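1. below are the sequence and a predicted model for it; my questions follow.
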Amino acid sequence: MSTIIGGKEFNWKSQTFVMGVINVTPDSFSGDGIDSNVDLAVKRAVEFEKQGCHILDIGGESTRPSITYGKTSRTPIEVEENRVIPAIKAISEAVAVPISVDTYKASIAEKAIEAGASLVNDVWGFTKDSRMASVVSERNLPVVLMHNQDHTFYSDMVNDIINRLEDLKNDAINAGVSESNIILDPGIGFGKTVTQNIELFRSLERLQELNSPILIGSSRKSTIGKILDLPADQRMEGTAATLVISILKGVDVVRVHDVKEMMRVVKMTDAIVRS
């Protein structure tokens, strides 16, 4: 099973791939937002490439869960565009690493693809903008579909998440997206309490039932902060622990803020698990 992203073949299960986060926002929960500073975004992208990052994920709107951080006003689409598009264009000219755009808005995705993005990372799994599926399918591009909800109520959490991800996957296929272009994300921290996130980590191997590559975005998440009682910029060791568990349970892509350090964690874990 493999997927072409930005002209590069990603052979799933051969290794764990690292997605590096570049937030061109002023209000990222993780404390790493660089607002619309294109030069700084390019500098970070070049650093991530040198550190071995496999995919760059560029986002212009903080998607912090309202359950954890309270209600926040949504970023106007023109503001998001002015943050994201110049950054993607400049980064695509500076590095050879495939670029992902972190957005759930079709108009942003379209312009990001024109600017150089080759993957769409939709934290709402095509459910917030009816045009997203066609934007991706018409261009035969890969997509990350994430589990997300505005509450923390489940009848059977792990089964509910698996069933919902299967529905998102099938809806995307029915809308013309190739199955080989679909990556699934269980949405650590989104619509889940700390206890539920821990339960999800314990059950990650169940996601293999979906027969799609799995992405985990646990880096610097509030669950780590609450367990360790640490701010976002001091959650590196906690993040590392979640990555090791994720890799042991079959995850294919890890989305991280601290690329250099997490690349080392991934390489060491892969040497034990995948060799």
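-> Structure's in. What do you need? Everything numeric in this text was worked out from a predicted model, so none of it was measured.
2. which residues touch D102?
-> 57-60, 63, 121, 123 (Cβ atoms under 8 Å, 6 or more residues apart in numbering). Just so you know, the C-beta spots here come from the backbone N, C-alpha and C atoms, and that holds for glycine as well.
3. and it, bridged to which residues?
-> Here D102 sits in beta bridges with G59, N121, going by DSSP bridges.
4. in stretch 151-164, what's buried?
-> Using 16 or more other Cβ atoms under 10 Å as the test for burial, stretch 151-164 gives 154, 157-158, 161-162, 164.
5. save these as TSV, and put in pLDDT, secondary structure and distance to S137 too.
-> Output for these, formatted as TSV (pLDDT from 0 to 100; DSSP: H, G, I helix; E, B strand; the rest coil; distance: Cβ to Cβ, whole Å):
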residue	pLDDT	secondary structure	distance to S137
Y154	96	coil	30
M157	96	helix	30
V158	98	helix	29
I161	98	helix	24
I162	98	helix	24
R164	98	helix	21
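6. circling back to that earlier point, out of the contacts of D102, which is nearest to S275?
-> Proximity of these to S275 was ranked by Cβ to Cβ; the top entry is D57 with 27.4 Å.
7. so the closest one touches M19, yeah?
-> Yes - judged on Cβ atoms under 8 Å, D57 makes contact with M19 at a distance of 5.1 Å.
8. just the strands in the stretch 1-150 of the chain please.
-> 2-5, 8-11, 17-23, 55-59, 99-102, 119-122, 143-146 (DSSP state E, counting those that start in this stretch).
9. hmm, back to that, and which of the buried residues of stretch 151-164 is nearest A45?
-> I161 (31.8 Å).
10. now do the same contact list for that closest one.
-> 147, 154, 186-187, 200.
11. tell me where this structure has helices.
-> Assigned by DSSP state H, the chain shows helices spanning 38-50, 66-69, 77-94, 106-115, 132-138, 157-174, 194-202, 222-228, 236-248, 259-273.
12. of the ones you listed, which is nearest M1?
-> Using Cβ to Cβ, the helices of the chain put helix 157-174 closest to M1, at 13.7 Å.
13. just for the stretch 1-150 of the chain, where's the confidence low?
-> 27-36, 64-73 (pLDDT under 70).
14. if you set the cut-off to 90 instead, what comes out?
-> Along the stretch 1-150 of the chain, segments meeting pLDDT under 90 span 25-37, 62-75.
15. what does stretch 252-265 rub up against?
-> Around stretch 252-265, the neighbours that count as contacts under Cβ under 8 Å, 6+ apart are 12-13, 16-21, 30, 32, 47-48, 51-55, 57, 183, 213-220, 236, 239-240, 243-244, 246-247, 266.
16. got a ChimeraX select line for the buried ones in those?
-> Remark: buried members of those, expressed as a ChimeraX selection using 16+ other Cβ under 10 Å:
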select :12,16,17,18,19,20,21,30,32,48,51,53,54,55,57,183,213,214,215,216,217,218,219,220,236,239,240,243,244,246,247,266
